[in-house]
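[1] model the following, please.
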Amino acid sequence: MADVLPEPDSGAAGTEWQTARALERAGVDVCTVWASDMRRRLRHGNLHYLLELPLTYRTALRAHLRQGRFDVVHVNQPHGYLAAQDLRARAPAAVFVHRSHGFEGRVEEDLAPWKRLHAVPRPAPVRVAHGLMRAALSRSNRMIARHAHGHIVSASQCAAYLTCHHGVAAERIAVIPQAAPRAFQEACPEPMDIGRRLKLLYVGQFAFIKAPFFVAQVAQQVLQARPQASFTWVCEGRNHAAARGL
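    From the prediction side, this is the model:
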């Protein structure tokens, strides 16, 4: 189960899609549940993740358990903690695997200095709302660490964080780095000449969790050292103005 659309070439969605296809090729009977298969009422992203998605995952799990037996339940994001808790009660022989594409607690900890450096004054109600959301996310992380039988993470730092901060045994964590598509790996790159070294392309969201300020500082240093260089930043349309501002 993953609260994303089945896009094979799109970040976390692609990882989950490729995982399902690889299991099917290995002869495993796979039933997939995507965002399009689950009801969503809250349009706000964080409110959906923290308040609605845990219940949505649990509802989807219960519906499928009524239809048959499953040996393994694989859920994307820590917001599947209610499903993990429910599976232990309803199907104790099954294994619940939580997948994280970047454990949020570790990311928040790593970004804390940058947030302090680029802090923007906010009204008190906004600060309170953000505090409540951080507390809810922290609870999701604690609960998934407690109730999932195993975890798949993309980086060894996330595995160390799960062990050090949540007491998850190392043998319950698998580190599987995300890789570039096979077409990228097999393509023959053009020779690296001076012209290519002067053209920088960055493709990524402008969200704070993607460290846009760090990317902007690196770009400024390169452009100052190489005035003839060019830097192109590709992001969501609604973020174009903000990216240009950096």
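[2] show me the helices in the chain, by range?
    11-25, 45-47, 53-65, 81-90, 104-117, 124-147, 156-166, 182-186, 194-197, 212-225, 240-245 (DSSP state H).
[3] dump the ones you listed into TSV; add distance to Ile176 as well.
    From N, CA and C alone the C-beta is placed, and that goes for glycine too. Converted to TSV, the helices of the chain look like this (distance: least, CB to CB, whole Å):
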stretch	distance to Ile176
helix 11-25	9
helix 45-47	26
helix 53-65	21
helix 81-90	19
helix 104-117	16
helix 124-147	17
helix 156-166	10
helix 182-186	16
helix 194-197	31
helix 212-225	25
helix 240-245	31
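[4] worst average pLDDT in those helices?
    Among these, helix 240-245 carries the lowest mean pLDDT, a mean of 58.
[5] mind putting the helices of the chain into JSON lines with distance to Thr232 and mean neighbour count?
    Output for these, formatted as JSON lines (distance: least, CB to CB, whole Å; neighbours: other CB atoms under 10 Å):
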{"stretch": "helix 11-25", "distance to Thr232": "20", "mean neighbour count": "16"}
{"stretch": "helix 45-47", "distance to Thr232": "27", "mean neighbour count": "12"}
{"stretch": "helix 53-65", "distance to Thr232": "34", "mean neighbour count": "19"}
{"stretch": "helix 81-90", "distance to Thr232": "40", "mean neighbour count": "19"}
{"stretch": "helix 104-117", "distance to Thr232": "23", "mean neighbour count": "14"}
{"stretch": "helix 124-147", "distance to Thr232": "32", "mean neighbour count": "15"}
{"stretch": "helix 156-166", "distance to Thr232": "29", "mean neighbour count": "17"}
{"stretch": "helix 182-186", "distance to Thr232": "18", "mean neighbour count": "8"}
{"stretch": "helix 194-197", "distance to Thr232": "13", "mean neighbour count": "10"}
{"stretch": "helix 212-225", "distance to Thr232": "10", "mean neighbour count": "14"}
{"stretch": "helix 240-245", "distance to Thr232": "10", "mean neighbour count": "11"}
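[6] thanks a lot, catch you later.
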